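Colleague: Sequence and predicted structure, then a few things I'm wondering about:
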Amino acid sequence: MHATHTIETIRTHVLKKLSNQLSHDLYYHCVEHTIDVQEQAGRIAAAENITNPEDLFLLAIACLYHDTGFIFTYNTHEEVGCDLAREELPGFGLNKHQIEQVCGMINATRIPQAPQTKLEEIIADADLDYLGREDFFPISHQLFRELKAKHFLETENDWNLVQVKFFKQHKYFTESTIALRAEKKQVHLEMIEATLELV
């Protein structure tokens, strides 16, 4: 089966699964997030001169599957997403080695991120691309709504404290993302810090 045809088939399959099965209180980890991560990963891969068709194919698959674990669980979703990929991807013609590469990329999105390969760095940066983007605040608010719905935190100030801590331990990995997003990310951090009530 031709890779381009397969990626469209897999994309349709995964996005349909996410649409039908993700909990409605996942305001951030929704279908739109998965689509965004796939788009950003493709853009970053091009900026990083990744041209190998198989690399691009596996990267796209990893992006599609990276949050599928949320269908089943919240806390260990990367691991569960890998289990799903191992179960489903042989049916799309992927071999064991390819599936393990996909799982490596899915696991690279786990916080704190520790990617081991260039493709893992790309998906890690794509997953948190929004931190340094113009649409950061509306997306961040969706994550706040989600965490509040899941009873992980209560107030916006709680959320801002979490965000400051997160921003300070996070770094981008690819040169192109550092060049494109790091400066704006720093501005966002300073804006959040300015709103904190430390009492």
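Modeller: Great, that's in hand. Nothing here was measured: the structure is a model prediction, and the numbers come from that model. Numbers count the residues shown, from 1 in each chain.
Colleague: Would you map the strands across the chain?
Modeller: Assigned by DSSP state E, the chain shows no strands.
Colleague: shaky segments in it?
Modeller: Counting by pLDDT under 70, the chain shows low-confidence ranges at 1-4, 198-199.
Colleague: By residue count, what's the longest helix in it?
Modeller: Longest helix of the chain, by residue count under DSSP state H: helix 175-195.
Colleague: Give me the contacts around that helix.
Modeller: With contact meaning Cβ atoms under 8 Å, 6 or more residues apart in numbering, helix 175-195 is reached by 44, 47-48, 125, 129, 131-134, 136-137, 157, 160, 163-164, 167-168, 172. For every residue, glycine as well, the C-beta is placed using N, CA and C.
Colleague: buried stuff in it?
Modeller: 176-177, 180-181, 185, 188-189, 192 (16 or more other Cβ atoms under 10 Å).
Colleague: again with stretch 75-91
Modeller: Applying 16+ other Cβ under 10 Å to stretch 75-91 flags 77-78, 80-82, 84-86, 88-89 as buried.
Colleague: And for it, what's in contact with it?
Modeller: Counting by Cβ under 8 Å, 6+ apart, residues outside stretch 75-91 touching it are 10, 13, 61, 65-73, 98-99, 102-103, 106-107, 109-110.
Colleague: hmm, try it at 6 Å
Modeller: Residues from elsewhere that reach stretch 75-91 (Cβ atoms under 6 Å, 6 or more residues apart in numbering): 65, 68-70, 72-73, 99, 102-103, 106-107, 110.
Colleague: So which of these belong to helices?
Modeller: 65, 99, 102-103, 106-107.
Colleague: tell me, how many neighbours does H24 end up with?
Modeller: Other residues lying near H24 total 7 when counted by other Cβ atoms under 10 Å.
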